[in-house]
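>>> Could you work out the structure for the sequence below:
(one chain, ligands or ions: 5)
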Amino acid sequence: MVEPLKTKPWLSPLIHLSNNPISLVGMVFITTAVVAWLFVLPVEIREGASRPYLGILFFVILPLTFFLGLALVPLGIYLRKRSEVIRQIYPAEFPPISWENPDFRRLVKFLSVATIINVIVGGYYTHATVTYMDSSGFCGVTCHVMKPEYTAYLDSPHVRVPCVECHVGPGAQAQLRSKMSGVRQLVGMFTGNYPRPIPTPLKDLRPARDTCEQCHWPQKFGGYRLNVIDKFAEDEQNTPAKTVLIMRIGGGSMTTGIHGFHMKPGVVIEYRATKDRQVIPWVRYTEPNGRSTEYFTEDWDPTKADQFEYRVMDCLDCHTRPSHRFLLPHDAVDRALALNQIDRTLPWAKKKSLEILQADYRTTTEAEQKIPQAFVEFYRKQYPDLYQKRRADIERSAQALLAIFKRNVFPEMNVKWGTYPDHIGHMDFPGCFRCHDDAHKSKDGRAIRQDCNACHELLAVEETNPEILARLGIHE
Ligand code: HEC
Ligand code: HEC
Ligand code: HEC
Ligand code: HEC
Ligand code: HEC
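Numbering: from 1, shown residues only. Ligands and ions are numbered 1, 2, ... in the order given. Predicted structure coming up:
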């Protein structure tokens, strides 16, 4: 016969009592947390710096699971003891701890099986979770807070660039900071305590040198680019027109053009702005030869300079929305008409679309119900014959209209038409004209110019058949 283990007298009752569902679940939590933590540990040590959200798993979720398990075990023991005492089945004495003791046997088997499963499943699962937590999908889908940005991102030239490339960038310090804010964001999400919409400009974004310029650099791209923009009138025929311009992007070997003037090596542009960066009363332009000029508006008061944010201009002062561009209704509808997603042969399609898009919808669900319905109803009532003949086209267009709404407006996050300004032009937001308004003057009377042909050459503005396109051999 095997000698029973010499054990403390309280251990046998404890083992008896811990054979209850609540304590067993607690033990599963504990083993899972420990096993998963051991799996994540090497990743956290090796790559934690480049994985901002891993900290949430490592420092928050796993420890919480562990302590939850730790609390469940004694709770189960306490409840079981109470129930056995009440039912008067609490044993007077306990068998010693040995393989003959059925309570002990069951517990050891249970823990062994749970641990083996944890190692097998946990190893794979932790790896998958770790990978997922730093993907763009995690940022965009799990944090529903970022749905507007994720939706726009999926439809952007940067869809293959992970969020963290722009939002974190390389360098240990940045990554530590981002890890802290990752944890803070998560807490905010659970408590529902986050701003809607997320306010911009983002103050803690890395300088473009550390993000954008890892992939793009101003010497590399540029030249002239022909832009042809489709427009449609708000009349019965949705009369089409085109705006044609050549952008003087510059850069490359050219030190002129838009990039050349702001970004060529040696140029420094400093400015002071209001909090939202929409009003810029003071600018200093330093040329590569060291000569600098201050430009300021008439009401600029140098003694109040400190009330304005100071910034050195970089890519992000023009490219505010490289990855999250939200369109305004007229642009979005023009694009959909040009691509015939909204059928442009439907009478009043443009005008009606704008009207419907700009109505007030409190939730996305409400928009899903009302937008397609309003569009279809219009034709059913006003053009019954047309409705009979072209029902499929009308319904397809109605869905395209809803798609525009869902791509650009997010009522749940208070992201409406025009919530986020885009600084790349000057038509919808002040953009370039925050400085280029002929009103920022130097002491000797020179101005930051608004000359219509300084940034682009306007070749045609909303013309029906621009002659220039025919000459360039561009036909529909
Ligand atoms: C190409 C670079 C780039 C990528 C990739 C990128 N972002 Fe951004 N993001 C920016 C810039 C620049 C801003 C700052 C806009 C401003 O300050 O006006 C920004 C702003 C934001 C904001 C603040 C709200 C807003 O719309 O301005 C959120 C939230 C955000 N990004 C989330 C994400 C998420 C989630 C992803 C990945 C799905 C992502 N970003 C990918 C560059 C990027
Ligand atoms: C990890 C690499 C990477 C980073 C970082 C990056 N980009 Fe890009 N960007 C690209 C690629 C690749 C393309 C080209 C996509 C294409 O041609 O379809 C692109 C395209 C662009 C375009 C042209 C879009 C168009 O409509 O033609 C602009 C503008 C741009 N990026 C600006 C930025 C800015 C501003 C930042 C910093 C906030 C940035 N990028 C960060 C890789 C990157
Ligand atoms: C003064 C404003 C301004 C600054 C600063 C600026 N850009 Fe641009 N960039 C533009 C404009 C305007 C365009 C043309 C957009 C258009 O045609 O719609 C452009 C175009 C681009 C393109 C597309 C080029 C092509 O050939 O199609 C890329 C890429 C780009 N910028 C990246 C950058 C990067 C990276 C930086 C920072 C080093 C930067 N830009 C700084 C205004 C600026
Ligand atoms: C923060 C202020 C500021 C903003 C915003 C700004 N610029 Fe400029 N820009 C300047 C300054 C300063 C100069 C140099 C003026 C000088 O000394 O001649 C300049 C010069 C230029 C020039 C060449 C000068 C000329 O008149 O021929 C072009 C082209 C240009 N900018 C395009 C743009 C475009 C396009 C945008 C918007 C996407 C933009 N800028 C936004 C400050 C700004
Ligand atoms: C400081 C640079 C700058 C100056 C000065 C400037 N523009 Fe522009 N403009 C731009 C940029 C950048 C875009 C492209 C915006 C985009 O890509 O969305 C643009 C776009 C346009 C467009 C096409 C936009 C559309 O969607 O229809 C028109 C039209 C236009 N500008 C007219 C003018 C006129 C008229 C003037 C003179 C009062 C002028 N611009 C002066 C930078 C400038």
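>>> can we go C-alpha only for contacts and neighbour counts from here?
Fine.
>>> the strands in this structure, which residues?
224-232, 240-248, 268-273, 282-286, 292-296, 309-312, 456-463 (DSSP state E).
>>> Reformat those as JSON lines; add distance to ligand 4.
Shown next, in JSON lines, are these (distance: least, Cα to the nearest ligand atom, whole Å):
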{"stretch": "strand 224-232", "distance to ligand 4": "12"}
{"stretch": "strand 240-248", "distance to ligand 4": "7"}
{"stretch": "strand 268-273", "distance to ligand 4": "6"}
{"stretch": "strand 282-286", "distance to ligand 4": "5"}
{"stretch": "strand 292-296", "distance to ligand 4": "7"}
{"stretch": "strand 309-312", "distance to ligand 4": "8"}
{"stretch": "strand 456-463", "distance to ligand 4": "8"}
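>>> Tabulate those (CSV), appending mean neighbour count and distance to residue 82.
Below are the strands of the chain laid out as CSV (neighbours: other Cα atoms under 10 Å; distance: least, Cα to Cα, whole Å):
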stretch, mean neighbour count, distance to residue 82
strand 224-232, 17, 78
strand 240-248, 19, 81
strand 268-273, 19, 68
strand 282-286, 20, 76
strand 292-296, 20, 80
strand 309-312, 14, 65
strand 456-463, 16, 83
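>>> out of the ones you listed, which comes closest to residue 42?
strand 309-312 (39.8 Å; Cα to Cα).
>>> How about residues contacting the closest one?
Strand 309-312 is contacted from outside by 268, 269, 270, 271, 272, 273, 274, 275, using Cα atoms under 8 Å, 6 or more residues apart in numbering.
>>> let's see it at 7 Å
By Cα atoms under 7 Å, 6 or more residues apart in numbering, the residues outside strand 309-312 that reach it are 269, 270, 271, 272, 273, 274, 275.
>>> near ligand 1, anything from that strand?
No: Strand 309-312 is not in contact with ligand 1 by Cα under 6 Å from any ligand atom; minimum separation 12.9 Å.
>>> Would that strand count as contacting ligand 3?
No: using Cα under 6 Å from any ligand atom, strand 309-312 stays clear of ligand 3, coming no nearer than 10.3 Å.
>>> same thing with stretch 267-274?
No: judged by Cα under 6 Å from any ligand atom, stretch 267-274 stays clear of ligand 3, getting no closer than 9.3 Å.
>>> can you redo the contacts of strand 309-312 as a markdown table with pLDDT?
Output for the contacts of strand 309-312, formatted as a markdown table (pLDDT from 0 to 100):
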| residue | pLDDT |
| --- | --- |
| 269 | 96 |
| 270 | 97 |
| 271 | 97 |
| 272 | 97 |
| 273 | 96 |
| 274 | 95 |
| 275 | 92 |
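>>> and which of those is nearest to residue 401?
The closest of the contacts of strand 309-312, once distances to residue 401 are taken by Cα to Cα, is residue 275, at 34.6 Å.
>>> Could you find the closest non-adjacent residue to the closest one?
residue 309 (6.5 Å; Cα to Cα, 6 or more residues apart in numbering).
>>> dump the residue contacts of residue 266.
Contacts of residue 266 by Cα under 7 Å, 6+ apart are 287, 288.
>>> helices and strands around the longest helix anywhere in the chain, which ones?
Longest helix in the chain, counting residues (DSSP state H): helix 102-133. Of the remaining helices and strands, those touching helix 102-133 by 3 or more Cα pairs under 7 Å, 6 or more residues apart in numbering; DSSP states H and E are helix 11-17, helix 21-47.
>>> of all those, which lies closest to ligand 5?
helix 21-47 (38.6 Å; Cα to the nearest ligand atom).
>>> Give the buried residues for that closest one.
Within helix 21-47, the residues that qualify as buried are 22-24, 26-37, 39-40, 44, counting by 16 or more other Cα atoms under 10 Å.
>>> cool, stretch 386-400 as well?
Buried positions in stretch 386-400, judged by neighbour count with 16+ other Cα under 10 Å: 387, 391, 394, 395, 397, 398, 399, 400.
>>> closest to ligand 4 among the residues you listed?
Distance to ligand 4, by Cα to the nearest ligand atom, is smallest for residue 400 among the buried residues of stretch 386-400, at 30.2 Å.
>>> got the residues of the chain near ligand 1?
So the chain meets ligand 1 at 136, 139-140, 146, 149-150, 153, 158, 161-163, 166, 198, 200-202, 316, 320-324 (Cα under 6 Å from any ligand atom).
>>> Mind checking which of these land in helices?
Judged by DSSP H, helices contain the following of the residues of the chain next to ligand 1: 136, 149, 150, 153, 163, 166.
>>> and the gap between the nearest residue in space to the last one that is not next to it in sequence and ligand 5?
What that stands for is residue 166. The spatially closest residue to residue 166, leaving aside those adjacent along the chain, is residue 211, at 5.3 Å (Cα to Cα, 6+ apart). Relative to ligand 5, residue 211 is positioned 22 Å away (Cα to the nearest ligand atom, to the nearest Å).
>>> and what of residue 333?
With Cα to the nearest ligand atom as the criterion, residue 333 and ligand 5 are 12 Å apart.
>>> before we move on, back to that, neighbours of the residue nearest to residue 166, how many?
18 (other Cα atoms under 10 Å).
>>> so where's the stretch 101-250 of the chain uncertain?
For the stretch 101-250 of the chain, the stretches flagged by pLDDT under 70 are 132-144, 169-193, 204, 218-219.
>>> try it again with 80
121-145, 162-165, 167-195, 202-207, 209-210, 217-222 (pLDDT under 80).
>>> Write out the residues of this protein neighbouring ligand 5.
Counting by Cα under 6 Å from any ligand atom, the residues of the chain close to ligand 5 are 424, 425, 426, 432, 436, 450, 451, 452, 454, 455, 461.
>>> how about the residues you listed, which pair is most distant?
The most widely separated members of the residues of the chain next to ligand 5 are 436 and 461, with 20.5 Å between them, by Cα to Cα.
>>> Roughly how far does the residue nearest to the spatial centre of the chain sit from ligand 2?
Closest to where the C-alpha atoms of the chain average out (Cα atoms, centre = their mean) is residue 149, at 3.5 Å. Distance, residue 149 to ligand 2, using Cα to the nearest ligand atom: 14 Å.
>>> Quick check: closest non-adjacent residue to that residue.
Residue 149 sits nearest to residue 324 (Cα to Cα, 6+ apart), 5.4 Å away.
>>> Name all residues that make contact with the one you found.
Residue 324 sits next to 149, 152, 153 when contact means Cα under 7 Å, 6+ apart.
>>> Tell me, how many residues neighbour the last one?
Burial measure for residue 153: 24 neighbouring residues, criterion other Cα under 10 Å.
>>> do the second one as well
By the criterion of other Cα under 10 Å, residue 152 has 19 neighbours.
>>> Do I have it right that it meets residue 322?
No: using Cα atoms under 7 Å, residue 152 makes no contact with residue 322, being 9.9 Å away.
>>> Lovely, talk soon.
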